[in-house]
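>>> Quick one: sequence plus predicted model below, questions after.
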Amino acid sequence: AQKITQTQPGMFVQEKEAVTLDCTYDTSDQSYGLFWYKQPSSGEMIFLIYQGSYDEQNATEGRYSLNFQKARKSANLVISASQLGDSAMYFCAMREGPSGTASKLTFGTGTRLQVTL
Amino acid sequence: DGGITQSPKYLFRKEGQNVTLSCEQNLNHDAMYWYRQDPGQGLRLIYYSQIVNDFQKGDIAEGYSVSREKKESFPLTVTSAQKNPTAFYLCASSTAAGGPTDTQYFGPGTRLTVL
């Protein structure tokens, strides 16, 4: 079974509108972390936002917020007031096990977001 | 400026040749990682290292080798045993020292093409 599932291969959003990118995950660990990265056409992976499994509040970073629904195992990224520069691939990733050790990230297949005028 | 550098940006290799991809970080991070990305795919872990002189295989280590002689450096060698090496390679690092996020930060990547 996929550990990280992103069901939207591509999304379009108009400039200044909000958009939600979906991510569901599968783990039996109690302690895990969920991350969102942005990958523009240049290729570099840019960290956007993090949510820990024990965090009670949804994470927010500027225009990015993470809608964390633990019981449903979903961690959707919400981008408010979209900008043309937001056009990129977006990846959801999960780190299983406690922080404090080097451990791998498991990535989804990504969602390509295109912001239009 | 603190960050992660990878070189070269583009690399072309003939079949049967070994090539080494460079990754250097000045973030004072303990842990370093190598990922591979194929078109239309997410990233897959090749190798990772938590401390100097120690490294672990990831999900797709066959045909690759690494070394970690210095904290700042984690080079990846793509050997001739790797059957399909054409891909985009990303290096990352993290503190791996506790804390709420332990986020992995990535370099700009190396695009390897086998001719």
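Ah, there it is.
>>> Endpoint to endpoint, stretch B:31-45 covers what distance?
13 Å (Cα to Cα, to the nearest Å).
>>> count of neighbours near A:Gly62?
Burial of A:Gly62 is recorded as 10 neighbouring residues (other Cβ atoms under 10 Å in any protein chain shown). The C-beta positions use only the backbone N, C-alpha and C, and glycine is treated the same way.
>>> For A:Ile79, see how far away it is.
A:Gly62 is 10 Å from A:Ile79, where distance means Cβ to Cβ, to the nearest Å.
>>> Ok, B:Glu69 next?
From B:Glu69 to A:Ile79 the distance is 41 Å (Cβ to Cβ).
>>> Check B:Val19 too.
38 Å.
>>> Tell me which of those two has more neighbours.
Comparing B:Val19 with A:Ile79 by other Cβ under 10 Å, the one with more neighbours is A:Ile79, at 24 against 19.
>>> Can you tell me the element the residue nearest the centre of chain B falls in?
Closest residue to the average C-alpha location of chain B: B:Trp34 at 2.7 Å, with Cα atoms, centre = their mean. Using DSSP states H and E, B:Trp34 sits in strand B:31-37.
>>> Note down every partner strand of that strand and its orientation.
Here strand B:31-37 is paired, per DSSP bridges, with strand B:43-49 (antiparallel), strand B:87-94 (antiparallel).
>>> could you dump the ones you listed to TSV with mean neighbour count?
Listed next are the strands paired with strand B:31-37 as TSV, based on neighbours: other Cβ atoms under 10 Å in any protein chain shown:
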stretch	mean neighbour count
strand B:43-49	24
strand B:87-94	24
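>>> which residues sit in contact with A:Gln83?
Applying Cβ atoms under 8 Å, 6 or more residues apart in numbering or on different chains to A:Gln83 gives the contacts A:Glu15, A:Val115.
>>> measure A:Gly110 to B:Ser7 for me?
Per Cβ to Cβ, A:Gly110 is found 25 Å from B:Ser7.
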